[in-house]
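# Mind looking at a prediction? Sequence and model below.
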Amino acid sequence: MCAENKNLTWTLLLFLSGVLCENWKVEYQPQHICTVKGLYVVIGCSFYYPEGQRVQTVKWGHERNHIYDGPFIYDSESVNTSSRFQYIGDKVHNCSLKIHQVQHHDAGKYAFRFITQSTNGQWTGKEGPKLQIVDLRAVVTKTNDNRTMMEGDSVNLTCINSCDGDDLSSAFTWFKDGEPINEGPVLYLSNISFINSGNYTCSLTTHEGTTSGVINIDVEYGPKDTSVSPLMEVDTGSNISLTCSSHANPPVEEYTWFKMYDDEIRTIGDEPELHLWEVSSDDDGQYFCSATNKHGSQNSSTETLKVNENLPDSTVTGDVFTIATAAIVTTVTLLLIVTAVIVIRGCNKKRTRAPETVCEENIQNAVYVNWPVFDNSQSHEGNLCEGATMEVIYTAVDFNAKRESNMQQQMDSHNDDEGVIYSTVCRDQILNPSYIEHL
């Protein structure tokens, strides 16, 4: 084996190189490869051997290991080869190797080795190409020398692929906070404002996985959009809080509250919020605030606070009197209604209903008459319910013509008085019988 015969002198090697080694050879194209981290790369390779040899094993070595003795980054006889290293050649003459998603530790020299079926049929090519891995770089240049970016400045961002040298022919895409915003190697930002603040990166247009480092654009500015929370009408004795708000970068460092009087403006607070407890007419008036950071300050517009005083005492007294009067009238009305109900019920109770009285006569065909009996001292036309002593007498008049009764006998014995009808009268058991005169 030519490349490994270390016992021969250099003279013998030179002599035999044209005779013994002319048919054993590995060639690489190109000898230097530069690529961007995250891309894939192909190391072109061709190999040759004497006729009659049959290739059985192919291997690739890397300088971070023992480039000739292994362990190898690719071995056709091993099942533990990383999937990032793909042999895209064959066992005839093509020995090309493809490396996916190259990383910085993939940089360095590579070599190809193959083995045939013959006893001494092993050959390792001389050190192959050197692989260089670079990052895309995004750099920023400003129109002034200040490190702080202020509103109104102009900024240029340039994406650099070190493999291109000064050649900017690569196609690039610019991103802001992960969203694509522009194409090309240079991004121009003129007259910047706070809306341009964010994180910028670039990548190769055809390989978005090749992302550059992040450039943070932080545009600083003084307070803006300073305002006071809208004021309103409030009643005397209320508690209110007024808020001063403002946008600034860096954030507002100092707040100041002012109140306008007839002939002057007074400072009344130094916090973002102004608290007014139990407001009175003295708090009525116009207010504004000021916000300040290292780049300047800004005043808010003026807002008016109107304090409504409580209603006069006379008005309050009148309202209270009206409410009290209505309550009294309502109460009296209810009392009158209740009294009337009680009187009516009491009157009905005074009408004593006499218990039913059983008479010996058959009263099947009787007509009943209720006849009130008054004291002699009372008038018949008087109100029956107003203090009158009433006694109800029940009577039954029998009109049954077929029935012989005491009444018939009496009528027969008194033929001379045809205008009177006599009947048996049943009173309450405690009363004496009575009669009813002709109706």
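Yes, it's here. Given the structure is predicted, the values throughout are model-derived calculations rather than measurements.

# Could you confirm residue 337 falls within a strand?
No. Checked against DSSP: H, G, I helix; E, B strand; the rest coil, residue 337 lies outside a strand; its state is helix.

# what's it in contact with, if anything?
With contacts taken as CB atoms under 8 Å, 6 or more residues apart in numbering, residue 337 has no neighbouring residues. All C-beta atoms are positioned from the backbone trio N, CA, C, and that covers glycine.

# what's the burial count for the residue nearest to residue 99 when sequence neighbours are not counted?
Nearest non-adjacent residue to residue 99, counting by CB to CB, 6 or more residues apart in numbering: residue 41, 5.2 Å away. Neighbour count of residue 41, defined by other CB atoms under 10 Å: 19.

# for residue 41, phi and psi?
phi -140, psi 150 (degrees, to the nearest 10).

# Can you tell me how far it is from residue 224?
51 Å (CB to CB, to the nearest Å).

# Same question for residue 175.
Distance from residue 175 to residue 224, by CB to CB: 28 Å.

# So these two - more neighbours on which side?
Just comparing residue 175 and residue 224: by other CB under 10 Å the higher neighbour count belongs to residue 175, 21 against 14.

# Spit out the contact partners of the more buried one.
181, 200, 201, 202, 203.

# and the chain, what are its domains?
10-131, 135-217, 224-308, 314-349, 351-439 (automatic domain parsing).

# Can you tell me which of the ones you listed has the worst average pLDDT?
Lowest mean pLDDT within the domains of the chain: domain 351-439, a mean of 44.

# how about the helices in this protein?
10-17, 313-350, 406-413 (DSSP state H).

# before we move on, the earlier item: pick the one among the contacts of residue 175 closest to residue 306.
The shortest approach to residue 306 among those belongs to residue 181, at 49.3 Å (CB to CB).

# Quick one: neighbours of the closest one, just the number.
With other CB under 10 Å as criterion, residue 181 counts 12.

# who touches stretch 297-304?
Contacts of stretch 297-304 (CB under 8 Å, 6+ apart): 222-224, 226-228, 230-231, 242, 244, 246, 254, 260, 285-291.

# Using CSV, list the CA coordinates for that stretch.
C-alpha atoms of stretch 297-304 as CSV (Å, rounded to 0.1, in the frame of the first residue of the first chain):
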residue,chain,number,x,y,z
SER,A,297,-40.7,67.0,29.3
GLN,A,298,-44.2,67.6,28.0
ASN,A,299,-47.3,69.2,29.5
SER,A,300,-50.8,67.8,29.2
SER,A,301,-53.8,69.8,28.1
THR,A,302,-55.8,71.5,30.8
GLU,A,303,-58.8,69.7,32.2
THR,A,304,-61.6,71.3,34.3
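
# in it, what's buried?
297, 298, 300, 303 (16 or more other CB atoms under 10 Å).

# cool, and stretch 38-45?
In stretch 38-45, counting by 16+ other CB under 10 Å, buried: 38, 39, 41, 43, 44, 45.

# circling back: for my notes, please list the buried residues of stretch 297-304 in JSON lines and give distance to residue 77 for each entry.
Output for the buried residues of stretch 297-304, formatted as JSON lines (distance: CB to CB, whole Å):
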{"residue": "297", "distance to residue 77": "77"}
{"residue": "298", "distance to residue 77": "76"}
{"residue": "300", "distance to residue 77": "79"}
{"residue": "303", "distance to residue 77": "84"}
